[in-house]
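Enquirer: predicted structure and sequence below. I'll ask about it afterward.
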Amino acid sequence: MQDRHTFRKKTVPLITMISPVTAWLILLIALPLLYILVISFCGTDDAHNIVFHFTLKNYAKLFDPTILSIYSNSLVIALLTTVICILVAYPFAYIMASTTPFRKTLMMIFLMLPFWTNSIIRLYSWRTLLGTNGYVNLLLLKIGLIQQPIEMLFTRGAVVLGMVYTLLPFMVLPLHTVIDKLDGGLHEASSDLGAKPVKTFLHITLPLTAPGIFAGSIMVFIPCLGYFFVSNLMGGGTSQLIGNVISRQFKEAFNWPYGAALAIMLILITLLLVRIYTKTGGKIDDLGVM
Amino acid sequence: MRKKRKAAAKKYTSRVFSALVYLFLYAPIAVVILFSFNTSRRNVLFEGFTLDWYKQMATNHALLESFGNTLAVAGVSTLIATVIGTLTAIAMFRYKFRGKTIIDLLLYIPVVIPEIVLGIALLSVFSLVHVPLGLGSMIVAHVTFQIPFVVFTVRARLSGFDRSIEEAAMDLGANRVRVLTGITIPIIAPGIVSGAVLAFTLSIDDIIISFFTTGARSTTFPLKIMELVRSGVSPDVYALSTIIILATFVVVLISQISVYKANQRALKSKYKEKQK
C-alpha cells in the first residue's frame, strides 16, 4: 500500500517530468560526443566516407608543425583577449559597483543591450571602421598620431579586438558580482591602518575579487579557441584558430575523423582549464550566463 | 581641499573611462545604422542620405527569407526548450532521484565546452542516422544548447520557492496538474520568461551551431551575412539590421524599465511595512 502510494505520488510525476530531458541529453549530447570520440580513431576512404577501423593517425597529425603553430596562435589570441578583457572589465565593474542603484541599472542595461542584437553584423561593421580609408585611420591621421593610414584589418590585433568586443560582458558580469559584494569597511580599515591604496588593492581587493576574475577568464578564454567566425571576419584567414581548422575539416576537406580528433583535443583543453578552475576553489555554477 | 580635488579627479576619470567603453560597444552599431542610409554601396565612408536600401531590402526575398527562418527556428526551439527546461528544473528542485547528478553534469556540457564541439558532434550524428539537414535539424540542435540555460534560470527562481504553498493547495483538494499549472508555474513565471528570452536571443544570434547543422537550402540571417561577407555586404543588410536593432532596443528598454519599477515598488512596500 505504502509502495503504491509513493509510486503514484512521486515516481509517476517524476518520470513524466524528467524523461524528455533525459532522452534529449543522452541522444543529443552524450551520444554525439561519444560518437566523435569513436570516429576520431577512424580513417576515411577515397570518397571521404568514415571507415571504422582503429587508427591513431588523426592524433599523430595533431603534432604537425603547422597545426602546432595554429594551436599556439589560438592560445596567444585567447590569452591576449582574456587579459585585455580583465583590464577593461575590472575598472568598469568597479565603477558600476560604486555608483547609485539607478545608474548601476542603467550601466548594466546599456552594457547588455548590444548583445541582444546580431553579433555578426556588429562585427562586420568594425571592418568599415578599421579599413585603410576608414574612420579610425582618418581620426588618427587628423590628430597627427600617424602619417600614413595603417593596415589594421586582417591582422592578429583585429582578431583580438573582435574577440574582446564579442566577449567583454562575460568578463564584466562575474566581476560585477564579486566587486558589488565587497565590504567597504575592509577598504576603510586598511587605509586607516596606513596602507597605501595600491597595497590595499593588492592585499585586500584583488584576493577577494579573484573568484570573479577566474570565472570571467574561463568564460572568455574557452570560447575564443572556437570562434572561427571572428577570425574569418576580422582576420580574413591570416590568423587561424583551432576552430577554423575544425570547421574546414567538416565543411571543406571532409576529413571528419581528423576534425573529430581536433575537437577532442579542444575538449581536453577545456576540461583541463575547468579542472584548474574548480581546484582553485571556483564554482561551476558561476560559469553560466547571468 | 586636496581630498576634494582628488575625489573630483576620480569621478572625472571614471566618467571618461565608462564613456570610452560605451563608445567601443556602440560605435559599430552606429555604423550599421548610419550606413543603412548611405548613398554609396561601398561601406567605407558616409557620402549622402538615402532611403533606397530600405526599399531594396523590402524586395530582397532571399534576405527576408533568411530572417524568417531565423525567427521560425528561434520561436519553435525556444518553445520546446522552455517546456522541457521548466519541467526539468521543477523536478530537480522537488525530488531526489538516482541519476540526478548525471543530468546535472550533462546540462553543464553545452554551457562549458566550445560551441563548435557540439556543432560538429551533432552534425556527425545527424549524418550517421541520415537526418536530413535543414530547419528541422537546426531546431533540434538549438533546443540542445538552450535547455541548460532555461533550467539554470528557472532553478535560480525556484531556490526561493516555498513548497508549503503547494502542499496547502493539495490539502485543499487540488490535484497534481492543477497545482503545477495553478500554483507553481505562475509563481516561477518570471524565471520561465527570462529563461525563454535568453534561449530566444541565443538562438537568434547563433552562428556556430547553425553553421554545422543546417542544410544548403535553409539559411538563417547570421549565416546569410557570413555568406555575403565574401562578396561584400550591401547596405540593404544594414537596413534590415537597423530595423531589428531598433526593435530590440525598444523591447529590451521597456521590459527593463518595467522590471526596475517593479523592484522599486517592492522595495518601497517593504520599507512601509517596516515603518508600521
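Expert: Happy to help now that I have it. Residues are numbered from 1 along each chain as shown, chains lettered A, B, ... in the order given.
Enquirer: against which helices or strands is whatever helix or strand residue B:179 lives in packed?
Expert: In the assignment (DSSP states H and E), residue B:179 maps to helix B:176-179. In terms of contacts (3 or more C-beta pairs under 8 Å, 6 or more residues apart in numbering or on different chains; DSSP states H and E), helix B:176-179 is packed against helix B:164-171. Heads up, the C-betas are built off the backbone N, CA and C, glycines and all.
Enquirer: care to break chain B down by domain?
Expert: Residue ranges for the domains of chain B, per automatic domain parsing: B:62-233, B:239-276.
Enquirer: and those, which one's lowest on average pLDDT?
Expert: Note on the domains of chain B: lowest mean pLDDT is at domain B:239-276, with a mean of 83.
Enquirer: give me the pLDDT value at the closest residue to residue A:179 other than its chain neighbours.
Expert: Excluding its sequence neighbours, the residue lying closest to residue A:179 (C-beta to C-beta, 6 or more residues apart in numbering or on different chains) is residue A:97, at 4.4 Å. Residue A:97 is assigned 90 on the pLDDT scale.
Enquirer: export stretch A:242-254 as CSV, just CAs?
Expert: The C-alpha atoms that make up stretch A:242-254 are tabulated as CSV, following Å, rounded to 0.1, in the frame of the first residue of the first chain:
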residue,chain,number,x,y,z
ILE,A,242,41.7,25.8,-33.7
GLY,A,243,38.1,26.5,-34.6
ASN,A,244,39.0,27.4,-38.2
VAL,A,245,40.8,24.1,-38.7
ILE,A,246,38.0,22.0,-37.3
SER,A,247,35.4,23.8,-39.3
ARG,A,248,37.4,23.3,-42.5
GLN,A,249,37.7,19.5,-41.9
PHE,A,250,33.9,19.3,-41.6
LYS,A,251,32.9,21.7,-44.4
GLU,A,252,35.6,21.7,-47.0
ALA,A,253,38.2,19.0,-46.6
PHE,A,254,35.6,16.4,-45.4
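Enquirer: buried stuff in the helix holding residue B:179?
Expert: residue B:179 (16 or more other C-beta atoms under 10 Å in any protein chain shown).
Enquirer: ok, and what's touching that helix?
Expert: With contact meaning C-beta atoms under 8 Å, 6 or more residues apart in numbering or on different chains, helix B:176-179 is reached by A:13, B:166, B:169-170.
Enquirer: would JSON lines of these with neighbour count and distance to residue A:30 be doable?
Expert: Converted to JSON lines, those look like this (neighbours: other C-beta atoms under 10 Å in any protein chain shown; distance: C-beta to C-beta, whole Å):
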{"residue": "A:13", "neighbour count": "18", "distance to residue A:30": "24"}
{"residue": "B:166", "neighbour count": "18", "distance to residue A:30": "32"}
{"residue": "B:169", "neighbour count": "18", "distance to residue A:30": "37"}
{"residue": "B:170", "neighbour count": "15", "distance to residue A:30": "36"}
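Enquirer: all helices of the stretch 51-200 of chain B, in order?
Expert: Along the stretch 51-200 of chain B, counting by DSSP state H, counting those that start in this stretch, helices occupy B:52-59, B:61-94, B:100-112, B:115-128, B:135-158, B:164-171, B:176-179, B:185-204.
Enquirer: pull the distance from the helix or strand residue A:173 falls within to the chain's centre.
Expert: When elements are assigned from DSSP H and E, residue A:173 belongs to helix A:156-181. Centroid separation between helix A:156-181 and its chain, computed with C-alpha atoms, centre = their mean, to the nearest Å, is 9 Å.
Enquirer: alpha carbons only: can I get the helix holding residue B:179 in PDB?
Expert: The C-alpha coordinates for helix B:176-179 follow below in PDB (Å, rounded to 0.1, in the frame of the first residue of the first chain):
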ATOM      1  CA  ARG B 176      -1.200  17.500  -9.200                       C
ATOM      2  CA  VAL B 177      -1.600  19.000 -12.600                       C
ATOM      3  CA  ARG B 178      -3.800  21.800 -11.100                       C
ATOM      4  CA  VAL B 179      -1.100  22.600  -8.500                       C
END
